[in-house]
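> what follows is a protein structure lacking sequence information:
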């Protein structure tokens, strides 16, 4: 009887894994077929070199660069804000805060990850943007700066919580050895614990980057819907995910070239995140081998 239960559990886990793989392959297949139909009409060279994205206008251009730059710009602002803040929080909670404070503040931080992103979007549009406009007069009502900063707030729990877990898992023998050598608590944190927990910290940043690139509602509400090739954070931009939402919920007919643009944009996002995750995985593996 015990053997039968073990076989049943094993088969159930196998089926779960196969279903996950099948769903992933199905998504890739649908994206590839629709993108192939798109690229039968639009040359790939135009798609990756044209600096305008106006498939819904009379004069049509299909250059992905404006959407890609908007995605990267908002993600960069979010990461640049969230990484130092998240790591500072994780080091404080792990090494400085009393245990009772740690038990209270950590769940409170993780609650930020449970806030609906549409709430974050309206917070960026109605609170953060007017606040920034008080000392940045030229800031547009829709801009990538507000969207990126609020995305950074959203992903802080990913970095702080996972990094704190990684720091907390470092053996106490390393701390004691560092203190025994005369190091201060700050020196121990940054020169011993952070390098020792680097693999876990890198994983937290990888998850945060992936979350930022795939975010939709915040950028759709606060960043605007004007695809433009720019690195200026004070003007409206449009990201790949925001464009997909715009077309999916609009009046564009299914099966048209304009509708197929969302699959071309989608497979671009998929390839980009796949390459980014592969690179990040190799970096994490390198650091993990170094300190294991």
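Cool, the structure landed. Please read all numbers here as calculations on a predicted model, not as lab measurements.
> which other helices and strands does the helix or strand harbouring residue 19 contact?
Using DSSP states H and E, the element containing residue 19 is helix 2-39. On a contact count with 3 or more CB pairs under 8 Å, 6 or more residues apart in numbering; DSSP states H and E, helix 2-39 meets helix 257-291. The C-beta positions use only the backbone N, C-alpha and C, and glycine is treated the same way.
> residues touching stretch 118-135, excluding its own?
139, 141-143, 145-147, 149-151, 153-154, 217-222 (CB atoms under 8 Å, 6 or more residues apart in numbering).
> measure that stretch end to end?
26 Å (CA to CA, to the nearest Å).
> ok so, going back, quick one: name whatever helix or strand follows the helix holding residue 19.
Downstream of helix 2-39 (by DSSP H and E), the next one is helix 44-49.
> mean confidence score for that next one?
Across helix 44-49, the average pLDDT comes to 88.
> quick one: which of the contacts of stretch 118-135 sit in helices?
Counting by DSSP state H, the contacts of stretch 118-135 place 145-147, 149-151, 153-154, 217-222 in helices.
> kindly reformat those as TSV and extend each row with neighbour count.
Output for these, formatted as TSV (neighbours: other CB atoms under 10 Å):
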residue	neighbour count
145	23
146	31
147	34
149	23
150	30
151	31
153	19
154	25
217	17
218	31
219	34
220	23
221	24
222	30
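> closest one of those to residue 65?
residue 219 (16.8 Å; CB to CB).
> spit out the contact partners of that closest one.
Contact analysis of residue 219 by CB under 8 Å, 6+ apart lists 70, 74, 121, 144, 147, 151, 238-239, 241-242.
> tell me which of those fall in strands.
Per DSSP state E, strands hold no members of these.
> distance to residue 87 and pLDDT for those - can I get that in JSON lines?
Formatted as JSON lines, the contacts of residue 219 follow (distance: CB to CB, whole Å; pLDDT from 0 to 100):
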{"residue": "70", "distance to residue 87": "27", "pLDDT": "91"}
{"residue": "74", "distance to residue 87": "21", "pLDDT": "92"}
{"residue": "121", "distance to residue 87": "26", "pLDDT": "90"}
{"residue": "144", "distance to residue 87": "23", "pLDDT": "91"}
{"residue": "147", "distance to residue 87": "22", "pLDDT": "92"}
{"residue": "151", "distance to residue 87": "17", "pLDDT": "92"}
{"residue": "238", "distance to residue 87": "31", "pLDDT": "90"}
{"residue": "239", "distance to residue 87": "26", "pLDDT": "90"}
{"residue": "241", "distance to residue 87": "26", "pLDDT": "89"}
{"residue": "242", "distance to residue 87": "29", "pLDDT": "88"}
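> and this protein, what are its domains?
Domain segmentation of the chain under the TED database yields 1-41, 64-289.
> give me the number of residues near the spatially closest residue to residue 94 that is not a sequence neighbour?
Among residues not flanking residue 94 along the chain, residue 167 sits closest, at 4.0 Å (CB to CB, 6 or more residues apart in numbering). Residues near residue 167, counting by other CB atoms under 10 Å, number 21.
> thought residue 89 was touching residue 167, still the case?
No. Judged on CB atoms under 8 Å, residue 167 makes no contact with residue 89 at a distance of 11.0 Å.
> residue 47: how many residues sit nearby?
Neighbour count for residue 47, taken as other CB under 10 Å: 21.
> unless I'm mixing things up, it is touching residue 64, no?
Yes. Counting by CB under 8 Å, residue 47 touches residue 64, with 5.6 Å between them.
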